[in-house]
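K.L.:
Predicted model follows, preceded by the sequence.
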Amino acid sequence: MSKTETILANARLVLADDMRAGHVRMVDGRIAEVGAGAVPSGAEDLGGDYLLPGLVELHTDHVEGHLIPRPKVRWNPLAAIFAHDAQVAASGITTVFDSLRVWPDKRAVGIDGDAPLLAGALAEAKAANALRADHLIHLRCEVATDTVVEDAEALMDQHEVRLVSLMDHTPGQRQFLSVDIFRSYYMKKSGISEAEMDVIVSTRLDFHQRYARDNRARLVKAAHARGIVLASHDDGTKAHVDEAIDDGVAIAEFPTTEEAARLSHRAGIRVLMGAPNLVRGGSHTGNVSAEALAGAGLLDILSSDYVPSSLLWAAFDLNRRNPAIALPETVRMVSRTPAMAAGLDDRGEIAPGKRADLIQVALAGDMPVVKAVWREGRRVA
Ligand SMILES: [Fe+2]
């Protein structure tokens, strides 16, 4: 059988621990050689551009905007997946955990109940080999709801779920420490009235009382039984982190305080923050900033959250704002560390034997731009 080989040469290679000029040889979807010196014949000349590992995204709900492009418009789910996939790949992301919301509450604000639909469409797209990036499923489970465990287990049994996050957005908890912040955030976002908000808040408090503790324990058990990686979400206190440690959590998503980030990081739980938070210079809900955590050595992983192109931008921007954090280190936050945290040790770094997931990047001023993307050796964007 003949081998498929591509050589990318004359590049600034961003390796896991340093940068150097050189070339990468890809054979049959894997990196076969990371070389320096004379350019091999038949190589593609990258003109001195950066070559980075393909980015790994653990938490994005970006597909939802394609499924519901206007408040009352529902798009074809397969078409939504393709539009999302194209944008993700063109942003340099070669592995994406699509974060599907399991939030079975008719009064919840936003979309809910679409996880089975989107998981089905993803499976269909994958079966047709129609996707540019490698898509995996992350279930965002809202614990203070009545049927979240049954709904999540049904998805786990039918699809290859790789990551489960344990969320609790009850007003007065975690992300929304004050009920007033919760009210104004969702009223602005959704345009609902004061009276409707009163009902939502009292129902949510009641559901929290009835379901949160039990459902969290059941979801932890269900995930461990299936070898699914767990993430905590919006941890803010020592008690939250202690609970995460007890639950065998691997990733702390969006800790809201420096204390929670520090305790998680020290316990070996990888701290994940939003790339939008970093490039915007702060959190849109007023919690701790990603840049402050990075400066304190507490930031492990960046996530594009709701804007795919923010992931690569944040890696370059963090290094520009804080040159003490070298580019290989910021790139690790969007490649190798998220891959390892999610149990994927076959990718996330430019090294022999790893998947040939690579991106060619140039700078337009300070803004990085993706010029080409290869996934498992195949050009996909
Ligand atoms: Fe949250």
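P.N.:
Good, I have the coordinates.
K.L.:
which residue does the stretch 201-350 of the chain bring closest to the ion?
P.N.:
In the stretch 201-350 of the chain, no residue comes nearer to the ion than Asp234, which is 4.5 Å away by C-beta to the ion. (Each C-beta comes from the backbone N, C-alpha and C, glycine too.)
K.L.:
which residue packs closest to that residue, ignoring adjacent ones?
P.N.:
Spatially, and ignoring its direct neighbours in sequence, Asp234 is nearest to Arg174 (3.8 Å; C-beta to C-beta, 6 or more residues apart in numbering).
K.L.:
The one you found reaches Thr256, doesn't it?
P.N.:
Yes. Under the criterion of C-beta atoms under 8 Å, Arg174 makes contact with Thr256 at 6.4 Å.
K.L.:
hey, what's in contact with both of the two?
P.N.:
Asp234, Asp235, Gly236 (C-beta atoms under 8 Å, 6 or more residues apart in numbering).
K.L.:
Considering those, which possesses the most neighbours?
P.N.:
Across the shared contacts of Arg174 and Thr256, the neighbour count under other C-beta atoms under 10 Å reaches its highest value at Asp235, namely 28 neighbours.
K.L.:
Quickly find the element holding the nearest residue to Gln173 once chain neighbours are set aside.
P.N.:
If you skip the residues right next to it in sequence, Gln173 has His208 as its closest partner in space, 7.1 Å away by C-beta to C-beta, 6+ apart. When secondary structure is defined using DSSP states H and E, the element that contains His208 is helix 194-225.
K.L.:
which secondary structure elements does that helix contact?
P.N.:
Packing partners of helix 194-225 (3 or more C-beta pairs under 8 Å, 6 or more residues apart in numbering; DSSP states H and E): helix 148-158, strand 161-167, helix 179-190, strand 229-233.
K.L.:
go with 7 Å
P.N.:
Packed against helix 194-225 by the contact rule (3 or more C-beta pairs under 7 Å, 6 or more residues apart in numbering; DSSP states H and E) you find helix 148-158, strand 161-167, helix 179-190.
K.L.:
So which bits of it are buried?
P.N.:
Along helix 194-225, the positions that meet the burial threshold by neighbour count (16 or more other C-beta atoms under 10 Å) are 197, 200-201, 204-205, 207-208, 211-212, 215-216, 218-220, 222-223.
K.L.:
next one: stretch 284-293
P.N.:
Going by neighbour count (16+ other C-beta under 10 Å), the buried part of stretch 284-293 is Asn287, Val288, Ser289, Ala290, Glu291, Leu293.
K.L.:
Does the third one touch Val279 like I think?
P.N.:
So that's Ser289. No. Taking C-beta atoms under 7 Å as the contact criterion, Ser289 and Val279 are not neighbours in contact, 11.2 Å apart.
K.L.:
how about CSV for the helices and strands packed on helix 194-225, with mean pLDDT added?
P.N.:
Formatted as CSV, the entries for those read as follows, by pLDDT from 0 to 100:
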stretch, mean pLDDT
helix 148-158, 97
strand 161-167, 98
helix 179-190, 83
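K.L.:
among these, which is nearest the ion?
P.N.:
It's strand 161-167; of the helices and strands packed on helix 194-225, that one is closest to the ion (C-beta to the ion) at 6.0 Å.
K.L.:
For Ala90, which non-adjacent residue is spatially closest?
P.N.:
Across the structure, with C-beta to C-beta, 6+ apart as the measure, the residue nearest Ala90 apart from its sequence neighbours is Ala381 (4.7 Å).
K.L.:
Ok, Arg226 next?
P.N.:
Leaving aside its chain neighbours, Arg226 sits nearest to Met156 (5.7 Å; criterion: C-beta to C-beta, 6+ apart).
K.L.:
Neighbours of the one you found, how many?
P.N.:
Around Met156 there are 19 other residues, counting by other C-beta under 10 Å.
K.L.:
Kindly report the same for the one 4 residues further on.
P.N.:
Burial of Glu160, expressed as a neighbour count using other C-beta under 10 Å, amounts to 13.
K.L.:
does the closest residue to it other than its chain neighbours count as helix, strand or coil?
P.N.:
What sits nearest to Glu160 in space, not counting adjacent residues and going by C-beta to C-beta, 6+ apart, is Ile137, at 6.6 Å. The three-state assignment at Ile137 reads strand, by DSSP: H, G, I helix; E, B strand; the rest coil.
K.L.:
With Pro368 instead?
P.N.:
State at Pro368, reduced to three classes by three-state DSSP: strand.
K.L.:
so it touches Val361, yeah?
P.N.:
Yes. In terms of C-beta under 7 Å, Pro368 counts as a neighbour of Val361; the distance is 5.1 Å.
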